[in-house]
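[1] Just the structure for this:
(3 chains)
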Amino acid sequence: MPELPEVHGYKVYIDSTALHQTIIDMDCRDTRLLKKDLKQFEKHLQGQKLTGTQRIGKYLFIETSGEKILVLHFGMTGRPNYYKDESDRPKFGHIVLTFENGFHFAFENKRKFGWWNLIDSIEDYKKEHNLSDDARELSFDDFKKSLENRKTHIKTVLLDQSIAAGVGNWMADEILYQAKIHPQRKVEKMGSDEIEGIYNAMQKVIEVAIANDAHYADFPEDFLMHFRKEDAICHHTGAKIKKTKVGGRATYFSPDWQMK
DNA sequence: CGTTATGTTTCACT
DNA sequence: CAGTGAAACATAAC
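    Predicted structure coming up:
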């Protein structure tokens, strides 16, 4: 689920639920989800409040009243869940914060690819992890510049978080479908008109997805998400959607619509 | 039972 | 050193 638009929704959700309340407990059922020792989390979170959030790509930074910043990454199957009754704890809520007001904040993570970390500086973290500006804020010039010297397939590059943070597998397929470019087109062969087309498609996909709360069923009818399945019918050509692998990831595209 | 899944990190190779 | 591609990670659901 969580690519840029989904994580944007999680941020809005957290902003309106879990902020500004004193944390009285942290429960973690699987410490493999923690990038630091559980003791560190307890030390820096207990008695503190979550005070604000910042999102870069799929990373959510949560500022606290303490000295550390909490980093959440949802992996492939994560989402936040704010609830009151203990009996409502979600099945895969592996990490749960409890607040003074009796409510709980669960980090659901079915597949356990998500994680929490504690850091001192968002700027430093961004540099250390080669994270680009968020795809929604990224300028066309910076995008174009970071594509220089890349010799691989355009889809692989779109998935690189140092290029446009937040683009994930479904977004990359959707962007390329909207831009009419084949996922295996080589970046070095692309003209600036194509790069501009991809940049514009990226902005369009982000805005459409956010406007619809990342609810795919509500996307415009010419969006790939409605027929992103092998042998489904392309809205434009009526031909069958093909499935392949690019950069190790499942990739769907419309052969006659997207030029290689 | 085998396959697949919307992500990141690590590692070997060029 | 930088870019690339494959493998590893963990687990539910079909």
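
[2] Tell me the bridge partners for residue A:59.
    Per DSSP bridges, the residues bridged to residue A:59 are residue A:56, residue A:73.

[3] Count the neighbours of it for me.
    Per other Cβ atoms under 10 Å, the neighbour tally for residue A:59 reads 22. In this view, the C-beta of every residue, glycine as well, is placed from N, C-alpha and C.

[4] pLDDT below threshold where in chain A?
    Residues of chain A meeting the criterion pLDDT under 70: A:1.

[5] Quick one: name the residues of the stretch 101-250 of chain A near DNA strand B.
    When proximity is defined by Cβ under 7 Å from any atom of the strand, the stretch 101-250 of chain A lies next to DNA strand B at A:111, A:113, A:129, A:159, A:161, A:168, A:169, A:170, A:248, A:249, A:250.

[6] Buried ones from those residues, can you make that a PyMOL selection?
    Burial among those is assessed by 16 or more other Cβ atoms under 10 Å; the matching PyMOL selection reads:
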select buried, chain A and resi 159+161+168+169+170
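
[7] With secondary structure added, can I get the residues of the stretch 101-250 of chain A next to DNA strand B in TSV?
    What follows is these, written out as TSV (DSSP: H, G, I helix; E, B strand; the rest coil):
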residue	secondary structure
A:111	coil
A:113	coil
A:129	coil
A:159	coil
A:161	coil
A:168	coil
A:169	helix
A:170	helix
A:248	coil
A:249	strand
A:250	strand
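
[8] The residues of the stretch 101-250 of chain A next to DNA strand B: which two are farthest apart?
    Across those, the longest distance by Cβ to Cβ is 24.9 Å; it joins A:129 and A:250.

[9] Please list which of the residues of the stretch 101-250 of chain A next to DNA strand B are also close to DNA strand C.
    Okay, of those touching DNA strand C (Cβ under 7 Å from any atom of the strand), that's A:111, A:113, A:248.

[10] beta partners of the nearest residue to residue A:28 once chain neighbours are set aside?
    Take residue A:28 and drop its neighbours on the chain: the residue closest to it by Cβ to Cβ, 6 or more residues apart in numbering is residue A:95, 4.9 Å away. Beta bridges link residue A:95 to residue A:28, residue A:107, judged by DSSP bridges.

[11] How many residues are close by residue A:95?
    As a burial measure, residue A:95 scores 23 neighbours (other Cβ under 10 Å).

[12] got it, and residue A:259?
    Neighbours of residue A:259 under the rule other Cβ under 10 Å: 11.

[13] do the same with residue A:54
    13.

[14] list the contacts for it?
    Residue A:54 makes contacts with A:60, A:61, A:63, A:122, as judged by Cβ atoms under 8 Å, 6 or more residues apart in numbering.

[15] for residue A:206, same thing?
    Listed by Cβ under 8 Å, 6+ apart, the contact set of residue A:206 reads A:4, A:5, A:135, A:136, A:166, A:171.

[16] ok but it is inside a helix, no?
    Yes. Per three-state DSSP, residue A:206 lies within a helix segment.

[17] Relative to residue A:168, how far out is it?
    Residue A:206 sits 12 Å away from residue A:168, taking Cβ to Cβ, to the nearest Å as the criterion.

[18] what do the two both touch?
    Shared contacts of residue A:206 and residue A:168, counting by Cβ under 8 Å, 6+ apart, come down to residue A:4.

[19] Which residue does chain A have closest to DNA strand B?
    DNA strand B sits closest to residue A:168 of chain A, with a gap of 2.2 Å, by Cβ to the nearest atom of the strand.

[20] That residue and residue A:7 touch, don't they?
    No. Residue A:168 is beyond contact range of residue A:7, at 9.6 Å (criterion: Cβ atoms under 8 Å).

[21] which residues do the two both contact?
    By Cβ under 8 Å, 6+ apart, the residues touching both residue A:168 and residue A:7 are residue A:58.

[22] Could I get the buried residue list for stretch A:195-213?
    Neighbour-count burial for stretch A:195-213 flags A:195, A:197-199, A:201-206, A:208-210 (criterion: 16+ other Cβ under 10 Å).

[23] on that earlier part again, can you report phi and psi for the residue of chain A closest to DNA strand B?
    According to degrees, to the nearest 10, the main-chain angles of residue A:168 amount to phi -120, psi -170.
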